[in-house]
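1. can you look at this prediction? I've put the sequence above it.
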Amino acid sequence: MRVLLLTPSLPYPPHQGGAIRNYGLARGLHEAGHTVCILSFHDDSLDPATTPLADISEWIETVPPPERPKSQRLRDMALSGLPDLARRLDSPLFRQRLEARLSVETFDLVQFEGLEMTPYLPLVRKLQPAARCCYDAHNAEYALQWAIFHVDRHVPERLPAAAYSMLQARRIHYYERSVCAAVDCVIAVSEEDAAALRPFRADKRVGVVPNGIFADRYGDDSPRLDLGSNVLVFTGKMDYRPNVDAVRWFSDGILPLVSEAVPDVRLYIVGQKPHTSLESLRDEPHIELTGWVPDVQPFLQAADVYVAPLRMGSGTRLKILEAMAAGCAVVATTVAASGLDNQAKRSLILADDERAFAQAVVALLHDADRRVALGQAAQADVRRLYDWKTLIPCLLRTYKDIGLG
């Protein structure tokens, strides 16, 4: 089977959610004996030919991400009924390169990685009507925007952002419905997301292929980093609204309660592009804002407790899977743990209000044996349930349902 993956960014290095998933899919398909080609947006900061992508794909072609200033986004919001996501990666150059490839090569499957890639669906249908088209929904996007709206609307200074999310949720609902109806198959990353998307399909069929990792990368021989004792770690792309909200909520309402019981506690916020609203945290004595790091594993290995205080979002949180694979004891909200298998949730501690979350963190900081036991259980669960060796067969069964493989 010849597969063309259309990705919003180069699937390497696998250091953030989308890239981790897309690299896992590409490598898994290659190892299953299929031919993988990749057309992606990329800023040329890294030559794809020097990465492992070169070993698992027949070819990789990239084009620069389109520049889309705020003035253009506002104009589109006013004059177009399309959601922002549908215009974010609208690129004449990408369209030109895709058309050139489709004109000379034949593919059995074209997979759109995320909603922002689906504006190229009509071109694929026009030039290769025999190819199967699959929409890999990294999130149930309309549900994600509604979740963001319901959190932001209770915070006065976030009301403009809440209004934006409400508008986008309505537009995405209509657009996502049209995409799901137009493709041959839809893949969701969790059963919750699949339930949100099934009404958009006449056949009600949405496959579930959770986010996964290569668990062997997180073994005991990973690099070590000495951050001292009573270390809390949060990881994620720090200009992403759910992550920004999580960090603000934790630092404002939870960390002060933890520091009362554990005065030398320290929170490491590990992730690229910290939002300007987080800059004030650099002055906090219990917080370290690292910005971009080449590898999150040393921080995970150094963590006494991994915290996931997310109040909005969808899908399966790759940040939690990485923490579990590294053997971390994890305290998370039920929102953060949504999408995980119920068995995997049993190796986490779940808490949804500030005091309960703080108490759970403090209890773990005071109990090394419990931390170790939780970490070992989490590590075993993620290896059994979320390694790509387990998940790729699920993907191939979804393809088989549409006559491929």
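-> Arrived safely, thanks for sending.
2. so Asp76 touches Leu82, yeah?
-> Yes - look at Asp76 against Leu82 with C-beta atoms under 8 Å: they come within range, at 7.1 Å. Where C-beta positions appear, they are placed from N, C-alpha and C, glycine not excepted.
3. for the least confident helix or strand in the chain by mean pLDDT, buried residues please.
-> Least confident helix or strand, the chain: helix 70-79 with a mean of 74, by mean pLDDT, DSSP states H and E. Of all the residues in helix 70-79, those buried under the rule 16 or more other C-beta atoms under 10 Å are Asp76, Met77.
4. also stretch 49-64?
-> Thr51, Leu53, Ile56, Ser57, Ile60, Glu61, Thr62, Val63.
5. which two in these are spaced the farthest apart?
-> With C-beta to C-beta as the measure, no two of the buried residues of stretch 49-64 lie farther apart than Ile56 and Val63, at 20.4 Å.
6. so what's the nearest residue to Phe41 once chain neighbours are set aside up against?
-> Distances taken as C-beta to C-beta, 6 or more residues apart in numbering place Pro65 nearest to Phe41, at 4.5 Å, with adjacent residues excluded. Residues near Pro65 by C-beta atoms under 8 Å, 6 or more residues apart in numbering: Ser9, Phe41, His42, Asp43, Leu89, Ser91.
7. narrow the residues you listed to those that are buried.
-> Neighbour-count burial (16+ other C-beta under 10 Å) applied to these gives Ser9, Phe41, His42, Leu89, Ser91.
8. who touches stretch 118-135?
-> The contact list for stretch 118-135 (C-beta under 8 Å, 6+ apart) reads 6, 86-87, 89-90, 94-95, 98-99, 102-103, 106-112, 115, 179-180, 182-187, 398-399, 402-404.
9. dump that stretch to CSV, restricted to CA.
-> Extracted C-alpha coordinates of stretch 118-135, given in CSV (Å, rounded to 0.1, in the frame of the first residue of the first chain):
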residue,chain,number,x,y,z
THR,A,118,-8.2,19.0,5.1
PRO,A,119,-8.6,22.1,2.8
TYR,A,120,-6.5,20.1,0.4
LEU,A,121,-9.1,17.3,0.3
PRO,A,122,-11.0,18.6,-2.8
LEU,A,123,-7.7,18.6,-4.8
VAL,A,124,-6.9,15.0,-3.8
ARG,A,125,-10.5,13.9,-4.8
LYS,A,126,-10.1,15.7,-8.1
LEU,A,127,-6.7,14.3,-9.1
GLN,A,128,-6.9,10.9,-7.6
PRO,A,129,-10.6,9.9,-7.2
ALA,A,130,-9.6,6.2,-6.7
ALA,A,131,-7.5,6.9,-3.7
ARG,A,132,-9.0,6.4,-0.2
CYS,A,133,-9.0,9.5,1.9
CYS,A,134,-8.6,9.4,5.7
TYR,A,135,-9.0,12.2,8.2
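10. so which of the buried residues of stretch 49-64 belong to helices?
-> Assigned to helices by DSSP state H, the following of the buried residues of stretch 49-64 qualify: Leu53, Ile56.
11. reformat the buried residues of stretch 49-64 as CSV; add pLDDT and distance to His150.
-> Conversion of those to CSV gives the following (pLDDT from 0 to 100; distance: C-beta to C-beta, whole Å):
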residue, pLDDT, distance to His150
Thr51, 95, 40
Leu53, 96, 38
Ile56, 97, 40
Ser57, 97, 40
Ile60, 97, 40
Glu61, 97, 40
Thr62, 97, 37
Val63, 97, 37
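12. between the buried residues of stretch 49-64, which is closest to Asp304?
-> Thr51 (33.4 Å).
13. buried sites along stretch 102-111?
-> Leu102, Phe107, Asp108, Leu109, Val110, Gln111.
14. now stretch 267-284
-> Neighbour counts over stretch 267-284 (16+ other C-beta under 10 Å) mark Leu267, Tyr268, Ile269, Val270, Gly271, Pro274, Leu278, Leu281 as buried.
15. what does that stretch contact?
-> Applying C-beta under 8 Å, 6+ apart, the contact partners of stretch 267-284 are 16, 227, 231-239, 243-244, 247-248, 250-251, 255, 286-293, 296, 299, 303, 307.
16. quick one on the thing from earlier: out of the buried residues of stretch 102-111, which sit inside helices?
-> Checked against DSSP H, the buried residues of stretch 102-111 include these in helices: Leu102.
17. out of the buried residues of stretch 102-111, which sit inside strands?
-> Leu109, Val110, Gln111 (DSSP state E).
18. now for Glu31, how many residues are close by?
-> Glu31: 12 surrounding residues under other C-beta atoms under 10 Å.
19. I figured it was touching Ile392, is that so?
-> Yes - shown here, Glu31 and Ile392 form a contact pair, counting by C-beta under 8 Å, at 7.5 Å.
20. and Gln379, how far from Thr334?
-> According to C-beta to C-beta, to the nearest Å, Gln379 stands 22 Å off from Thr334.
21. okay, those two: which has more neighbours?
-> Using other C-beta under 10 Å as the criterion, Gln379 and Thr334 rank with Gln379 on top: 21 against 13.
22. name the nearest residue to that one, sequence neighbours excluded.
-> Here the residue nearest Gln379, using C-beta to C-beta, 6+ apart, is Gly327, at 4.6 Å.
23. how about the backbone phi and psi for that neighbour?
-> phi 80, psi 30 (degrees, to the nearest 10).
24. that one: how many residues sit nearby?
-> Counted with other C-beta under 10 Å, Gly327 comes out at 24.
25. so which of the contacts of Pro65 sits lowest on pLDDT?
-> Among those, Asp43 has the lowest pLDDT, at 91.
26. ok, and for stretch 368-376, which residues are buried?
-> Quick answer for stretch 368-376 (16+ other C-beta under 10 Å): Arg371, Leu374, Gly375.
27. I'd like the residues you listed as JSON lines, with pLDDT, secondary structure and distance to Asp352 appended.
-> Shown next, in JSON lines, are those (pLDDT from 0 to 100; DSSP: H, G, I helix; E, B strand; the rest coil; distance: C-beta to C-beta, whole Å):
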{"residue": "Arg371", "pLDDT": "97", "secondary structure": "helix", "distance to Asp352": "21"}
{"residue": "Leu374", "pLDDT": "97", "secondary structure": "helix", "distance to Asp352": "18"}
{"residue": "Gly375", "pLDDT": "95", "secondary structure": "helix", "distance to Asp352": "22"}
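28. ok, so of those residues, who is nearest Glu322?
-> Proximity of the buried residues of stretch 368-376 to Glu322 (C-beta to C-beta) peaks at Gly375, which lies at 12.8 Å.
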